[in-house]
Each structure stands twice: as structure tokens, then as C-alpha cells.
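>>> Let's see this in three dimensions:
(one chain, ligands or ions: 1)
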Amino acid sequence: MPTRVLMLVAVAVALAVASLWAHPLHLLIALACLLLGLLAGRSASLARQTVPAPAEERSEAADAMASALLDATMQSMREGVIVVDGDTRIIAANRAALDLFAAGRHGLTGKRLSELTRNPAIHAAFQSALERSERAEVKVETYGSERRVFDLRVAPLQRPEPRGGALGVFFDITRLERLERVRQEFLSNVSHELRTPLTSILTFVETLEEGAIDDPQNNRRFLSVIRKNAERMRNLINDILELSAIESGNVRVEVVPVPLHVAVQDVFAALAQQATQRGIELRNEVADDVLVQADARRLEQMLTNLIDNAIKFNREGGRVTVRYERRDGRHCITVEDTGEGIAPEHLDRIFERFYRVDRARSREQGGTGLGLAIVKHLARAHGGETVAASVLGRGSAFTIELPAGGDG
Ligand code: ADP
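Model (predicted):
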């Protein structure tokens, strides 16, 4: 690019980027472009001086440096940047823009905007910058192999001639949007989950206040309903806090060799009453000498959640079996039940927060819908995974797979 043109483009880009001002990075880019413009200007004035040979050399060196600087700045940006002239022909684009328009090695320079995209929002934004010298900001969605969402900001290039060109910056907000959606869904789920027991508590308190407190037949029963719902709220809040701590990486996993047979036996002992009430047999088939590499407390938590489910979703008089197997350098711990099983359309989703096959039944049994999400995240915190398999009407098997580490 001739030095004077480079100077003009660099200064124009600097002004346009500065006018977009949405991120501290913009200031940096604008400064880099300005510096580049100054360097280019200096090299242009050097080139005009009368002693030809050394000035030309210096001018070329400054030119090359300025061009390399602009290139490095543009290419290091994660945002796609394109600069168009007054006829919407692309005069500069960075690597992120090439990816965005799947331009491949032929590049974008020299192409018209209409050859790249038919998206009306993109055209309207550039036209508004070119025809009315107005900045424009639009949300753009693209549907290639996957849906992506961009915040496109277009600024007119402050060049003297009319329709002097425009600069467009594409901010990829796909991930931000998804996170926002997940956050909203989570909030609405939590509110919903809390509202149900809270409504129940308020209703029973009102009933007691309105006279039922003196009704010896029912007052204790109403109190126990209130207690049950308050406990449900406490469990829910505990699970939410636990999950958020694990997800934010605030849970330290201290891996030590844990005797698995004893760990399973301890969980069985804690859940024995629940199993006996439903006539469910608990079988520990883990050999006495098995050691797994895990955080002892977290392993117990995962086993408790899985065995508790295996009892809850079992049939009366059923069986829960825990097995161990060493497979492909992994410790595989399986909790198997003889319950109702899970249909394939639900199986993929049961690890999602608050997902339940039968919401009313899970609530009735004091479930929060977060147990499996906690197991999944704890297994991942160990560098492992949780896998579910099920045959409808016959039972389910949940396997925690943990890396065996350096123990052979
Ligand atoms: P909760 O048990 O509190 O409802 P979980 O996250 O532990 O929540 O489980 C989510 C859902 O997965 C349960 O509501 C149930 O529908 C299903 N589920 C979990 N374990 C089993 C199992 N062993 N057998 C059948 N369904 C199960």
C-alpha cells in the first residue's frame, strides 16, 4: 500500500475504532492505528525530501514497519474486522473475518460485501455508515454448521470524500448469549422450586392460625408438613450452593487411595433404614482389597446420591448392587438397580440441573433434581465421567469412571 494511503487508512481506522468504543481493547487498537498513521505520515514526508537514496530507504523501512504493525494488530484481534470503500468493496480484513465468512485462502480483499453475505442486517448497517455517515449497531445471526450470534458495530471512516468507507467489527456473542440463557433458565427453575414448598408452608401456617392449632387430630400433622417443606427448601439451597461451588472450581479434590468396599458399606449403613422400609436388598460386590484414587468425602457424596436414587426409583422388594471393574486405565464403579428404568429420550437429559422424568414423584420423595448434576460435576472434578445405561422396566446402571492415575 502506498505510504500516504496507508497513513490515511490507518488514521481513519483509528478514528472509527475509537468511535466504536465498547471495550478497552478498542483504545489500544485505536492508539496502535494512530501510531501507525503517524509513522506512515513521517515516512511519507521523509520520502518527499530531496536527498533521494537514504530517505527512500528510511521511508521504505518505516512503511514496512507501519504495515507490519497494522497487520499484527488486526490479526491478533478475536473480533472480525472488515474495512470497505465507498462502493462496499473490501479494502482490508483480518483473519477472524476470513473465518467468519469462510473465505478460505482466497481472502476477502477486492470482493463486494454483497458477494460475501446476503444478510440484510449487515448490508443495512454498512449502508447507514456510508450514506448517512452514521454509526450502526445490529445483532446478526449466522447459520453455518452451527448458529452464531454477533454484535456488529459499523462506523463511517472519517475521510474527506463522501462515502469515504466504513469499518465493521463483529463481536462474537454466541457464548455470552448461551450463558445468559442458562442463567435465566436456572433462576426461573430455582424460583419455581422454592415457590412450591414455600406456598405449602404459608398455607399450613394460615390454616393453623385460623384455628387448626386447637385441633388435636390435625395440628401435629400440619406441623410435620411444614417441617418437610422447610427441609426440602434447605436441601435445595444446600444442593444449589454445592453445585455452584463445584462448577466455579472452588472445590478442591484431594485424591488419595480409598478402600472402596468400606466406602460403599458406610453409604449402605447411612441409607439402610430407607432401603428396609421398601424391602430393598443392598449388595456390596466390591472386593475387600480394591483401592480407588479419589477424594474420600467426594466419592462418598457421589455414591450416596446414586445409591439413594437406586433405592428411591426401585420397585418394592428390589435390589441395589454396587460393582467395581478396572477398565482402560479407569476405575469404574457401577450402581445398579432393579427399578423402573429410564426411557432413552430421558436418559441423555437426566444429568441436567432440575431435569426429572416425573417431577411430582421426585418432589414427593424429597428430591431436588440436582443430585445427578452434582455427581457429574464431581466426577469431572476428578478428571472422570459418569455414564448412565438403562432398560425400561428392568432397571438402571450408573457408572462413575475415575482415572486410575499412576497406580498401574
Ligand atoms: P432427584 O433424584 O432429586 O429427582 P437427580 O438429579 O438425582 O434428582 O435425578 C434426576 C432424575 O433422574 C430423577 O428425578 C429420576 O427421574 C431420574 N433417575 C435418577 N436415578 C434414577 C434411577 N436409578 N432409576 C430411575 N430414574 C432415575
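>>> give the contact list for residue 139.
121, 149, 150, 151, 152, 173 (C-beta atoms under 8 Å, 6 or more residues apart in numbering). (Each C-beta comes from the backbone N, C-alpha and C, glycine too.)
>>> try 7 Å
Shown in contact with residue 139 (C-beta atoms under 7 Å, 6 or more residues apart in numbering): 149, 151.
>>> cool, and the one 3 residues further on?
Under the criterion of C-beta under 7 Å, 6+ apart, the contact list for residue 142 reads residue 148.
>>> which SS class is it?
Taking DSSP: H, G, I helix; E, B strand; the rest coil as the rule, one finds residue 142 in the strand state.
>>> mind listing what's buried in stretch 289-300?
Of all the residues in stretch 289-300, those buried under the rule 16 or more other C-beta atoms under 10 Å are 290, 292, 293, 294, 295, 296, 298, 299, 300.
>>> Any idea how many residues pack against the closest residue to the first one other than its chain neighbours?
Closest residue to residue 290 apart from its sequence neighbours, by C-beta to C-beta, 6 or more residues apart in numbering: residue 260 at 4.5 Å. When neighbours are defined as other C-beta atoms under 10 Å, residue 260 has 23 of them.
>>> State the distance from residue 260 to residue 288.
Shown here: residue 260 relative to residue 288, a distance of 9 Å by C-beta to C-beta, to the nearest Å.
>>> Which residue ranges make up the domains of the protein?
The record's domain split for the chain, according to automatic domain parsing, is 3-172, 173-250, 254-408.
>>> Adding distance to the ligand and mean pLDDT, write those out as CSV.
Listed next are the domains of the chain as CSV, based on distance: least, C-beta to the nearest ligand atom, whole Å; pLDDT from 0 to 100:
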stretch, distance to the ligand, mean pLDDT
domain 3-172, 28, 76
domain 173-250, 8, 90
domain 254-408, 2, 93
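>>> which residues does residue 311 contact?
By C-beta under 7 Å, 6+ apart, residue 311 lies in contact with 271, 274, 275, 278, 280, 320.
>>> again with residue 403
By C-beta under 7 Å, 6+ apart, the contact set of residue 403 is 293, 330, 383, 384.
>>> Would you agree the last one is in contact with residue 401?
Yes. Taking contact to mean C-beta atoms under 7 Å, the distance of 4.9 Å between residue 384 and residue 401 places them in contact.
>>> The two: which has the busier surroundings?
residue 384 (23 against 20).
>>> if I pick the more buried one, what's in contact with it?
400, 401, 402, 403.
>>> Just the ones of these in helices?
Secondary structure from DSSP state H places none of the contacts of residue 384 in helices.
>>> list the buried ones in stretch 370-388?
By neighbour count on 16+ other C-beta under 10 Å, the buried set for stretch 370-388 is 370-379, 381-382, 384, 386, 388.
>>> my read is residue 108 is in a strand, agree?
No. Under three-state DSSP, residue 108 falls outside any strand and is assigned coil.
>>> which residue packs closest to it, ignoring adjacent ones?
The shortest distance from residue 108 to any non-neighbouring residue, by C-beta to C-beta, 6+ apart, is to residue 93 (4.2 Å).
>>> gap between that neighbour and residue 153?
Taken as C-beta to C-beta, the span from residue 93 to residue 153 is 16 Å.
>>> Same question for residue 178.
Distance, residue 178 to residue 153, using C-beta to C-beta: 21 Å.
>>> For these two, indicate the residue with more neighbours.
residue 153 (24 against 12).
>>> what secondary structure does that one sit in?
Three-state call for residue 153 (three-state DSSP): strand.
>>> again with the one 5 residues further on
When states are read from three-state DSSP, the local structure at residue 158 comes out as coil.
>>> Pull the number of nearby residues for it.
Quick note: residue 158 (other C-beta under 10 Å) scores 16 neighbours.
>>> same thing with residue 285?
Neighbour count for residue 285, taken as other C-beta under 10 Å: 12.
>>> For it, give me its contacts.
Shown in contact with residue 285 (C-beta under 7 Å, 6+ apart): 321, 322, 323.
>>> That one and residue 260: what is the separation?
In terms of C-beta to C-beta, residue 285 sits 11 Å off from residue 260.
>>> go on, residue 331?
Taking C-beta to C-beta, one finds residue 331 at 8 Å from residue 260.
>>> overlap in contacts of the two?
The contact lists of residue 331 and residue 260 share residue 292, where a contact means C-beta under 7 Å, 6+ apart.
>>> Now do the same for residue 253: helix, strand or coil?
Secondary structure for residue 253, judged by three-state DSSP, is coil.
>>> Repeat that for residue 216.
Secondary structure assignment for residue 216 (three-state DSSP): coil.
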